[in-house]
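S.K.: coordinates for the following, if possible.
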Amino acid sequence: MIQVIKAKSINMPVLKKNKIFLLILMIILSLPIELALAQFAQTKAFLIVYPINNSLINSPTSFILGTCYSHKPLFLNNKPVPYNILGFFATVIDLKKGNNSFNLKSANDSVTLLINRPLADTTNIVLDPNSIQPKNNLGVKCGDTIHFAVKAKANSNLTLKIKNLSLNLSPKINRIKFDTQYGLSRLADNNQLSEYILDYKITKDDNFNQDNFNIIFNNDDKQKAFISSNTITVLDNDLNATTKSDNTVVRTSETGSRTTPLSKNIQVIVDGYNGDNYRIKYTEQKHVWINKTDLDFSLNNKYFVNTAIPRTINIDSNQNFEFIKIPLENNLPYEITQKLNPNELVVNIYGAKANIEWITTPQNKCLRLINFVTFNQTDDSTLKLTLSLKGHQQWGYFAQYSQNCLYVFCKKPPQILSDLQGLKICIDPGHGGSEKGAIGLSGIKESRLNLDIAQKVIMLLKQHGATVYSTRTDNKTYLDLYDRVNYALEHNSDMLISIHNNSLPDGRNPLTEHGTSTYWYQIQSLNLARSLKHSLVKTINLPDYGTRYQSLALNRTSNILAVLVEVGFVINPDDLTKLINPGFQDKIALGIYQGIYDYIKGTTHDK
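M.R.: I've put the predicted structure just below:
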């Protein structure tokens, strides 16, 4: 509950004498009323928003974030902590392994924070059982290589045993390990255990069938066996399966990057597994991975055929899309790659062998997007189709099967009459409901700030003629990430722009890392992301934090242009001071509008 402070409680002579306090008051009064009242209602000298007491932080550095309400000197372990005109502060702290104590004090208030950085004491450990690899049950074929690894004391003798096989592991040398956080890498902590490895290639004589393997530790005349609970099986035959749902997630390795998702009822060949992730054979030289929950193995192997001979390619259009249709005997897997220079869409169909004699275009229809289609049989089982597209932009694509025909849809560009009239934009205020997002130095929740900014963006875009949809209009509503994307698609939006504000993990410095950034996933959205970031940086004058590729649920869709905007950092004092100012939020809206307008007009930026 917010306590209202009556005017008579303010000592005017004090205000007149304290010009700094008067300036602070003026800024506070320009903020949303609940924030201003919260400042006055605060009876403590300062607020700590991060970290909480007795935190467990596994990082060599962290930071203490908050607001100093007293506007008197603030000290951390007797060293002064600077804060800005609103009292916002962020100070980086070093963490030694074990217990750390930090005392923060100002005026008559004092708080002690205890932070524990885990101490990895491996003095009495000869081998770490949790480090044994493989970590899952494996299904492999002859010719596959299995990577065995374990961490143990230096100068240990380690032997792998599985069935009648007995092989020595070797210490891995010259290994530099990196931890990756928020797109940056750093050297990982060293520990006292060394890593031992063995790469073993399966031969025709190996007949493992759900067999466990052991790691035998030999050192100082002591021998100890560590038995893995995971098993290895050599598969005699491939398995046949079909995808169970649209947008089946496909990865380049067991836990690797995503590639083109597959639609429902596509026939695939399984020739290996790693735990719940199954290896899919597109060709002899190309494999991908799909989780077993997305696969149906009930298809009778006798009737399973994973080849097709396409004979025609039909080009056609409807109200919103131009598309190609390829009749096939079976639903084969595919992969789609987008290019912008030249403007192309490349479709690889795996298992297809071309006998194409016709590429047809529609009668009495003018194609605005597809220029022409060519094909090439790149190997015995891969048919490559190239859609040459008009113009220099793409607005979305997707593929699906219907009655054994593969359709590849290309979204038509919007018919923009003037300014933004004719453009459909879906604005997504990030987070909402119980999902608050990052917490700012003042205690403000990112979800609230995102909505405040989004509402100004929506108003301005409508004033410039755009049709605008919003995934939420209040702070109570929460939509699942995929529901937000579906909402944009249901309204046939041309763009999905998700508005957020940023934070950092432990180990980073919020005083030096801050500013405006945008995030894209599909190459078709890169130039829009660049345009938005460039315009925002120019308009609001926060540091340029970059245009970045990142696999996020909000920008992975290929159906429309999709960009996530991180306007500023709620844990940086200067960024947050500006972000909560309504006048500054008007500038943010202007920057986003100008970025969209520049993109529509074809203005390009290099970064």
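
S.K.: so where does D586 fall, helix or strand?
M.R.: When secondary structure is defined using DSSP states H and E, the element that contains D586 is helix 582-600.

S.K.: the longest strand along the chain packs against which elements?
M.R.: The strand of greatest length in the chain, counted in residues with DSSP state E as the criterion, is given as strand 222-234. Under the contact criterion of 3 or more Cβ pairs under 8 Å, 6 or more residues apart in numbering; DSSP states H and E, the helices and strands touching strand 222-234 comprise strand 127-133, strand 138-140, strand 211-219. Where C-beta positions appear, they are placed from N, C-alpha and C, glycine not excepted.

S.K.: my guess is K390 contacts R368. True?
M.R.: Yes. Counting by Cβ atoms under 8 Å, K390 does reach R368; the two are 6.8 Å apart.

S.K.: list the beta-bridge partners for I48.
M.R.: Listed beta-bridge partners, I48: G66 (assigned using DSSP bridges).

S.K.: if we can go back for a sec, hey, which of the helices and strands packed on strand 222-234 is tucked in deepest?
M.R.: Across the helices and strands packed on strand 222-234, averaging neighbours per residue (mean count of other Cβ atoms under 10 Å) puts strand 138-140 on top, at a mean of 22.

S.K.: sheet-wise, list the partners of it with their directions.
M.R.: Note on strand 138-140: by DSSP bridges, its sheet partners are strand 222-234 (parallel), strand 267-274 (antiparallel).

S.K.: packing partners of the helix or strand following the longest one?
M.R.: It refers to strand 222-234. Moving toward the C-terminus from strand 222-234, the first helix or strand encountered (DSSP H and E) is strand 239-243. Packed against strand 239-243, as judged by 3+ Cβ pairs under 8 Å, 6+ apart, are the following elements: strand 267-274, strand 295-296.

S.K.: change it to 6 Å
M.R.: Packing contacts for strand 239-243, counted by 3 or more Cβ pairs under 6 Å, 6 or more residues apart in numbering; DSSP states H and E, involve strand 267-274.

S.K.: just how off-centre is the helix or strand that the strand it packs on is followed by within its chain?
M.R.: Tracing the chain past strand 267-274, the next element assigned as helix or strand by DSSP H and E is strand 277-281. Offset of strand 277-281 from its chain centre (Cα atoms, centre = their mean, to the nearest Å): 23 Å.

S.K.: likewise for stretch 201-220?
M.R.: Stretch 201-220 sits 37 Å away from the centroid of its parent chain (Cα atoms, centre = their mean).

S.K.: residue ranges with poor pLDDT in the stretch 1-150 of the chain?
M.R.: 1-42, 121-123 (pLDDT under 70).

S.K.: circling back: buried set for the longest strand of the chain?
M.R.: Of the residues in strand 222-234, those with enough neighbours to count as buried (16 or more other Cβ atoms under 10 Å) are F226, S228, N230, T231, I232, T233, V234.

S.K.: thought Y401 was touching N330?
M.R.: No. Shown here, Y401 and N330 do not form a contact pair, counting by Cβ atoms under 6 Å, at 9.6 Å.

S.K.: quick one: which of these two has more around it?
M.R.: Each of Y401 and N330 had its neighbours counted (other Cβ atoms under 10 Å), and the higher figure belongs to Y401 (20 against 15).

S.K.: contacting residues for that one?
M.R.: In this structure, Y401 makes contact with S263, N331, judged by Cβ atoms under 6 Å, 6 or more residues apart in numbering.

S.K.: what helix or strand does it sit in?
M.R.: With elements taken from DSSP H and E, the one containing Y401 is strand 397-402.

S.K.: now L526, what's its secondary structure?
M.R.: Here L526 is recorded as helix under DSSP: H, G, I helix; E, B strand; the rest coil.

S.K.: was I right to think it contacts W520?
M.R.: Yes. Look at L526 against W520 with Cβ under 6 Å: they come within range, at 5.1 Å.
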